[in-house]
Every structure is written in structure tokens, then in C-alpha cells.
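# Any chance you could fold what I've pasted below:
(4 chains)
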2 protein chains.
Amino acid sequence: MKNEKMDRRVRRTRRLLNEALMSLIAEKGYEAITVQNIIDRADLGRSTFYAHYRDKEDLLLSGMDELVHSLLWRVEGMPMEAEGEGESRRILSTQSLFRHTQEQHRLYKAMVGGRGIDVIVKTIHDHLSSHILEQIERLLPDGQTTLVPPLVMAVYLAGALLTLLTWWLDNDMPYPPERMEEMFQQLTMPGVWAALGTTL
Amino acid sequence: MKNEKMDRRVRRTRRLLNEALMSLIAEKGYEAITVQNIIDRADLGRSTFYAHYRDKEDLLLSGMDELVHSLLWRVEGMPMEAEGEGESRRILSTQSLFRHTQEQHRLYKAMVGGRGIDVIVKTIHDHLSSHILEQIERLLPDGQTTLVPPLVMAVYLAGALLTLLTWWLDNDMPYPPERMEEMFQQLTMPGVWAALGTTL
DNA sequence: CCACTATCGGACATTGTGTTCATTAAAAGC
DNA sequence: GCTTTTAATGAACACAATGTCCGATAGTGG
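Residues are numbered from 1 along each chain as shown, chains lettered A, B, ... in the order given. So this is what the prediction gives:
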């Protein structure tokens, strides 16, 4: 990390700006926020902001790495190899993802539901797809062909997951995280296993 | 329709504005468009624009009814009752949807891929979910309970479809529409049929 | 042909953006 | 500790786009 080389002030400034942005997003959504709001909340000068970031979106994206990492980690520590037989086999477990977003639902709700913030969901979708693609390819013997290309499966799974997550947050989490995980598995896994080919 | 009551000029003005917006979206994406661009293209006065629409988004949304209708129609004229047995059964056919978007891919690509235009995809998702929910409920005997609530299934199916469609357009349609339809069916139907309950 | 209604177009206030620069404060190097 | 280097400050500025207003003009329906 190049954090070591940085002036303390720089780290402090960036941290303050990021925190200001996040709290503002949770409060009134991304679109309604102005650069003035951000620097007021962070109590920093205008030129300081532009010394670090090109614009509002640049600031947002710079904080995405951390966010995406924190989310992928929720999907990563799970049993990724097929366990059990028949209906209970799963490629990725998402229970702790639903739990995590529930704990921080104010922020995540604003992120998936808000206006002008589609960059976030798209970025998450991209990373999630790549991650899932790795899992799928780990399951496949070399050269094994599937009914549906693994890439398409990965895109589909990431999209289905984010759709359910978005709907769940938008509708104030009408089911517990465990139930959401269960439904996600029930809906997606049969098709995925079938598409992987019957030999598996 | 209240079109009958309207001054010819009004209809003409709205049509021109809509066409201008659509062609501009296809050219440079929604976000980059200014009101000035729109009225220049439509060759109309500034105050005329604001006499009809509150802002850019208002104009966009006013054209959505037509768009959504045209899209739903692609999914509607299809066999909605379960046909055949086993893996080949389907709730909704999407082949003509993929074909239709391919024909107009410039516009649709800008719509699903562009910045600041998430309203469109959200609106389409909402209408699509409702439509699918109707189809599902038509299949279900009264009072039949399912492993996954029909509403969740509908949201999931709409999301999965739009994810695949978006990915397909973003990546310059690497498969023919028929193949996309096939993959969509293979991935989603097994899970949906399982979730509807084994008695069906 | 007349009364009505829509469009025109330029001016205007307003808001937010991103830049610049001289000044002040803090950290790093020695 | 003292100096050099680097960062933050804040006010001023040019610019771009928004949305409003209004008197003049042109098109429509009856």
C-alpha cells in the first residue's frame, strides 16, 4: 500500500471526505448532494476537495474498492465447493451478505434505490460476476463444456442476487436474511446445476 | 385518449421533443444531454419546452408509457401457459424481446448502459415484474402455496431477464436472440418450477 | 374573420461547478 | 530545533445550465 508514503493530513482529509459522503448518501441520497454539502460536513476548504478528487463521482468511486471488498468478503468465506447432493448443493452462499446489508440498511438502501447512483450497483455487479465466475470455473473439469457459458451464468447469478437484494432493501426487508438466502438458492441453483451439465 | 382534444401544435411539439430526446440518447447518452440540446434539435423555443415538461426527466418519463407498452407486448404475445413437459415448460417467452432490442440496439444500449438513466430500467423492471406476476398467478390454483412467494419469483425473473439483456447489449450481442432466449429458459425455469411446488 | 391559445425568444436570477492564487499551517528531512 | 517542502485555506472568479417571465407573434378551432 502507498498509504505509508502519504502525509497524515492527506489521509485524514480523504477519510473525512469519504465519511462525509457516506453519511450524506444515507441521509438524502447521492443525487441531491453538492460538493458544498460534502466539504461543509467534513469541515474542509473547497480547493482541498478539488486537490484530491476531480468531482463528486471520483470521490464516490475511490471509496468503492473498500466497499466492494467488504461485500465480496461476505460471499467469500462460504462453502464454495458443492456440498451435499441434489437440491442442497450451492455455489455461493449469500446469507451473511443479506445480514450485512441489513445491519447497514440505511446506507445500502440509499445506494441501490437512489437516483443517479447506478455506478455503484454496476461496479458491484462487475466484481460479483468475476468472483462467481472463478467459483464456477473451479468446479468445472478442464475442457468441460456446459449448456450455458460460465460467463453468462456468472452474470446471471450476480444480477439475480442483486435484484433480490435491491428489492428486499427497497421493501424494508420483509423477510429475514436466512429466508432470502433460501429463496435465492431455491430459485437459482436448479437451473445452474442443470446448465452445468448432468455429468456433474 | 385525450389526444383528440389537443391543439395540433401541442401534439406536434411533444412529438418533436420526444423524437429529439430519443435520437440524442442514442447519440450521446442521457446524462450528457442538456435542455438546450433538445430544443435545438427539435427547433423549438426554450419556454415552449417548459410549458410542456417540468424538466428533462419529466420528458423522458412521459415517453415511457409507450416504450414499456411496446416492450411488454413482445413478452405478451407468447405462450403463457405451461407447454410441454419437464425442462421445456416456460412461463414467458422472451425471444421476440431479444430480437426487438437487437433491431433498435443503438437506443436500447444507451438506455441500459448509460449513466443517470437508471429510471428507465427501474420502470421497465417494475412493469415487467407486474406482468410476470400475473402470469404466475394465472398458473396457480387458488390458495396454492409455493416455496417462494410469487411476488419474489416475479421480481427475480424480471431482474434476471434484464440482467441478461443488459449484459448482452453492453457486449455487442455476442449470441443470437434465439440462443439468449434458450439460456434464459435453461437458467431460470428449473428453479421456478421447483419453487412453484412439485404438485404442478 | 375573430377570439383563443401556443410558440417565440431574449433577458434574467439562481445554483452549482471547477479553477486560481496568495496566505497560513503542518509535516518531513536534516 | 530549524529549515524546506508540502498541504489546506478561503475568497474570488468564469462558466454552464437551469427554470422563470413577459411582450410580441403566429396558428387553430369555431
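
# Around DNA strand C, pick out the residues from chain A.
Within chain A, the positions near DNA strand C by CB under 7 Å from any atom of the strand are A:7, A:8, A:9, A:34, A:35, A:36, A:46, A:47, A:50, A:54, A:55, A:56. Every residue, glycine included, has its C-beta placed from N, CA and C.

# burial measure for the first one, as a count.
Neighbours of residue A:7 under the rule other CB atoms under 10 Å in any protein chain shown: 8.

# Pull up the gap between it and chain B, please.
33 Å (CB to the nearest CB, to the nearest Å).

# Could you do the second one as well?
Here the distance between residue A:8 and chain B works out to 35 Å (CB to the nearest CB).

# Near chain B, which residues of chain A? Just list them.
With CB under 8 Å from any CB of the partner chain as the criterion, chain A meets chain B at residues A:87, A:115-119, A:125, A:147-148, A:152-153, A:155-156, A:158-160, A:162-164, A:166-167, A:183, A:186-192, A:194-195.

# Of these, keep whichever come out buried.
The neighbour count (16 or more other CB atoms under 10 Å in any protein chain shown) marks A:116-119, A:125, A:148, A:152-153, A:155-156, A:158-160, A:162-164, A:166-167, A:183, A:186-192, A:194-195 as buried among these.

# Tell me the helices and strands packed up against the helix or strand residue A:162 falls within.
Element membership of residue A:162, judged by DSSP states H and E, is helix A:150-170. For helix A:150-170, the elements it packs on are helix A:95-103, helix A:105-113, helix A:118-139, helix A:177-196, helix B:150-170, helix B:177-195, judged by 3 or more CB pairs under 8 Å, 6 or more residues apart in numbering or on different chains; DSSP states H and E.

# One more pass at 7 Å, please.
Using 3 or more CB pairs under 7 Å, 6 or more residues apart in numbering or on different chains; DSSP states H and E, the elements in contact with helix A:150-170 are helix A:105-113, helix A:118-139, helix A:177-196, helix B:150-170, helix B:177-195.

# is stretch A:20-38 anywhere near DNA strand D?
No - Stretch A:20-38 is not in contact with DNA strand D by CB under 7 Å from any atom of the strand; minimum separation 10.7 Å.

# Just give me the residue closest to the centre of chain A.
Residue closest to the average C-alpha location in chain A (CA atoms, centre = their mean): residue A:124, at 4.0 Å.

# Reformat the residues of chain A next to DNA strand C into a markdown table and put pLDDT next to each item.
Listed next are the residues of chain A next to DNA strand C as a markdown table, based on pLDDT from 0 to 100:
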| residue | pLDDT |
| --- | --- |
| A:7 | 86 |
| A:8 | 90 |
| A:9 | 93 |
| A:34 | 97 |
| A:35 | 98 |
| A:36 | 97 |
| A:46 | 96 |
| A:47 | 96 |
| A:50 | 97 |
| A:54 | 97 |
| A:55 | 97 |
| A:56 | 96 |
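
# quick one: which two of these are the most distant?
Farthest-apart pair in the residues of chain A next to DNA strand C is A:8 and A:34; separation 27.8 Å (CB to CB).

# C-alpha coordinates for the helix holding residue A:162, CSV please?
What follows is helix A:150-170 as a C-alpha-only set of coordinates in CSV (Å, rounded to 0.1, in the frame of the first residue of the first chain):
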residue,chain,number,x,y,z
PRO,A,150,-19.9,-19.9,-17.5
LEU,A,151,-19.6,-16.2,-18.1
VAL,A,152,-23.3,-15.9,-18.8
MET,A,153,-24.1,-18.0,-15.7
ALA,A,154,-21.9,-15.7,-13.6
VAL,A,155,-23.6,-12.5,-15.0
TYR,A,156,-27.0,-14.1,-14.4
LEU,A,157,-26.3,-15.1,-10.8
ALA,A,158,-24.8,-11.8,-9.9
GLY,A,159,-27.8,-10.0,-11.4
ALA,A,160,-30.4,-12.2,-9.8
LEU,A,161,-28.7,-11.8,-6.4
LEU,A,162,-28.6,-8.0,-6.7
THR,A,163,-32.1,-7.9,-7.9
LEU,A,164,-33.4,-9.7,-4.9
LEU,A,165,-31.1,-7.7,-2.6
THR,A,166,-32.4,-4.4,-4.1
TRP,A,167,-36.0,-5.5,-3.9
TRP,A,168,-35.5,-6.6,-0.3
LEU,A,169,-34.0,-3.3,0.8
ASP,A,170,-36.5,-1.2,-1.2
